[in-house]
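Colleague: just coords:
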């Protein structure tokens, strides 16, 4: 229980945050949230999460702005970011990966694929998923 | 207002210039080109507000011209100006995306000016509607995705243990909301593609593997109808340069159609082979209800549903095959169907190996 990794979920869709958090907690992660760009940065600086799940369309500055800011904060520059976003013609996977994200998922993500990407991004360091990561 | 006229007959061109000039106090700024290729070059150089198009040009003929122009500038209002007073041709022109069809010699300066202004307005309203539809579809996605997610939380027992019967219903909620989500995705996708926003992300694709993955996804659905799903992929198939997500979508559309229209106990075959060295051919073959000959011609048009599709329990949007066609053509390939009523249909498409 001691070595739980902390994941910061940045998303303004509260329902989605709850669902994601339930799924992550069941897989032995510790979760925190932020609903806009400013509190996302503040939260990240404050708790220094192991990983950030980031939405693109957000109040007060989009996901790209956040990724840019994170790169300039020494303690967070290397924190892995996974982008989860709805269909949007304005940007594509390439742009997200170029901005520094480890992976990109279109919402709703497939649970298994997302959990795998999280494990990969965390470098597989002793994080074992429970059996309950099934479904789509 | 900037108007481009593509017309090879100098007398007709002079007449249009005169007609547009007369009494319009310089409202219209007319550019004139004689060939489609020059017209397209002019379109790229400076987008006009509207296009007046003759249908018999030295380097392009008939409705093809409309298609070629709209594939480059989907939002350009096109008014066909022709000597051919043919109502069928007029309707077909509009179906291809022209906004109006005017027969030379049947209108005067005022009518032409009005036709142009209305054409521009109509095209703009069409665009606004498409944007609005895209926005609505976008807003429907999030809650639908969340419903599927919530059902999967119940189903996986993350909110406490549930019995088998409850699990079955949670799975149903998940499957149904995902089905609805894919309909909304089709709408969203279609409005994007139609607005000329199809963005292919090409990478090396192992078509055989991709087909196998598609089959795995549809196995459950097929099992429910006791259908057998088989694959016949040439093992020596080379990798192709394509967008795997778009190809997934292509196979998903074709496979769900095949499953929908094939009766219990039937077989569906998916295959791929090399074609003429430079391309690959893939197909989805069912032994379902088939398509009546008179419906085949318009099958790949948007909003088109076959008579059997309209009567089906699982009604679709009528966009699936139109999307397939756009995806294949964006890859530089083509798609076609062979079908016999009562015997089944084979949907095939060819793709270049390297583009």
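Modeller: Received, thanks. Because the structure is predicted, anything quoted here is derived from the model rather than measured.

Colleague: from here on, contacts and neighbour counts on C-alpha atoms
Modeller: Fine.

Colleague: tell me the contacts of the closest residue to residue A:79 other than its chain neighbours?
Modeller: Using C-alpha to C-alpha, 6 or more residues apart in numbering or on different chains and skipping residues adjacent in sequence, the residue nearest residue A:79 is residue A:51, 5.8 Å away. Contact partners of residue A:51, counting by C-alpha atoms under 8 Å, 6 or more residues apart in numbering or on different chains, are A:6, A:7, A:8, A:79, A:80, A:81, A:82, A:118, A:121, A:122.

Colleague: residue nearest the centroid of chain A?
Modeller: What sits nearest the mean C-alpha location of chain A, by C-alpha atoms, centre = their mean, is residue A:53, with 0.8 Å.

Colleague: Residue A:104 versus the residue nearest to residue A:79, what's the distance?
Modeller: Remark: distance between residue A:51 and residue A:104 (C-alpha to C-alpha, to the nearest Å) = 14 Å.

Colleague: try residue B:137
Modeller: From residue B:137 to residue A:104 the distance is 21 Å (C-alpha to C-alpha).

Colleague: can you map out the strands along the stretch 51-200 of chain B?
Modeller: Along the stretch 51-200 of chain B, the stretches classed as strands by DSSP state E, counting those that start in this stretch are B:56-57, B:60-61, B:78-82, B:100-103.

Colleague: same thing with chain A?
Modeller: A:5-10, A:29-34, A:51-54, A:81-85, A:103-106 (DSSP state E).

Colleague: Mean pLDDT added to the ones you listed, as CSV?
Modeller: Formatted as CSV, those follow (pLDDT from 0 to 100):
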stretch, mean pLDDT
strand A:5-10, 97
strand A:29-34, 96
strand A:51-54, 96
strand A:81-85, 93
strand A:103-106, 90
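
Colleague: Most proximal residue of chain A with respect to chain B?
Modeller: residue A:108 (5.2 Å; C-alpha to the nearest C-alpha).

Colleague: For that residue, which residues are in contact?
Modeller: Counted by C-alpha under 8 Å, 6+ apart, residue A:108 has contacts A:86, B:142, B:145, B:146, B:149.

Colleague: number of nearby residues for the third one?
Modeller: Here the number of neighbours of residue B:145 (other C-alpha atoms under 10 Å in any protein chain shown) works out to 21.

Colleague: Now do it, the pLDDT please.
Modeller: Residue B:145 is assigned 91 on the pLDDT scale.

Colleague: do you know how far it is from residue B:179?
Modeller: From residue B:145 to residue B:179 the distance is 10 Å (C-alpha to C-alpha).

Colleague: do the same with residue A:99
Modeller: From residue A:99 to residue B:179 the distance is 32 Å (C-alpha to C-alpha).

Colleague: ok, and the helix or strand in chain A with the lowest average confidence?
Modeller: The weakest-scoring helix or strand in chain A, judged by mean pLDDT, DSSP states H and E, is helix A:93-98 (a mean of 83).

Colleague: tell me which strands and helices it is in contact with?
Modeller: For helix A:93-98, the packing partners by 3 or more C-alpha pairs under 8 Å, 6 or more residues apart in numbering or on different chains; DSSP states H and E come out as strand A:103-106.

Colleague: so what does the strand it packs on touch, helix or strand wise?
Modeller: So strand A:103-106, by 3+ C-alpha pairs under 8 Å, 6+ apart, packs with strand A:81-85, helix A:93-98.

Colleague: So which residues of the chain form helices?
Modeller: This is for chain A. A:14-26, A:37-47, A:63-71, A:93-98, A:111-121 (DSSP state H).

Colleague: try again with chain B
Modeller: Under DSSP H, chain B gives helices at B:10-21, B:36-45, B:63-72, B:87-95, B:109-155, B:164-194, B:207-224, B:244-261, B:293-296, B:307-311, B:320-330.

Colleague: looking at those helices, which is closest to residue B:4?
Modeller: helix B:36-45 (7.8 Å; C-alpha to C-alpha).

Colleague: residues in contact with the closest one?
Modeller: For helix B:36-45, contacts defined as C-alpha under 8 Å, 6+ apart pick out B:4, B:5, B:6, B:32, B:33, B:57, B:58, B:59, B:60, B:65, B:69.

Colleague: quick one on the thing from earlier: most neighbours among the contacts of residue A:108, which one?
Modeller: Using other C-alpha under 10 Å as the neighbour test, the contacts of residue A:108 are led by residue B:149, with 27 neighbours.

Colleague: sorry, back to before: I'd like to check what contacts the least confident helix or strand of chain A. Which residues are they?
Modeller: Counting by C-alpha under 8 Å, 6+ apart, A:64, A:83, A:103, A:104 sit against helix A:93-98.

Colleague: got it, and stretch B:269-276?
Modeller: Contacts of stretch B:269-276 (C-alpha under 8 Å, 6+ apart): B:207-208, B:211, B:229-234, B:237, B:280-286, B:350.

Colleague: For it, buried residues please.
Modeller: B:269, B:270, B:271, B:272, B:273, B:274 (16 or more other C-alpha atoms under 10 Å in any protein chain shown).

Colleague: Noted, bye for now.
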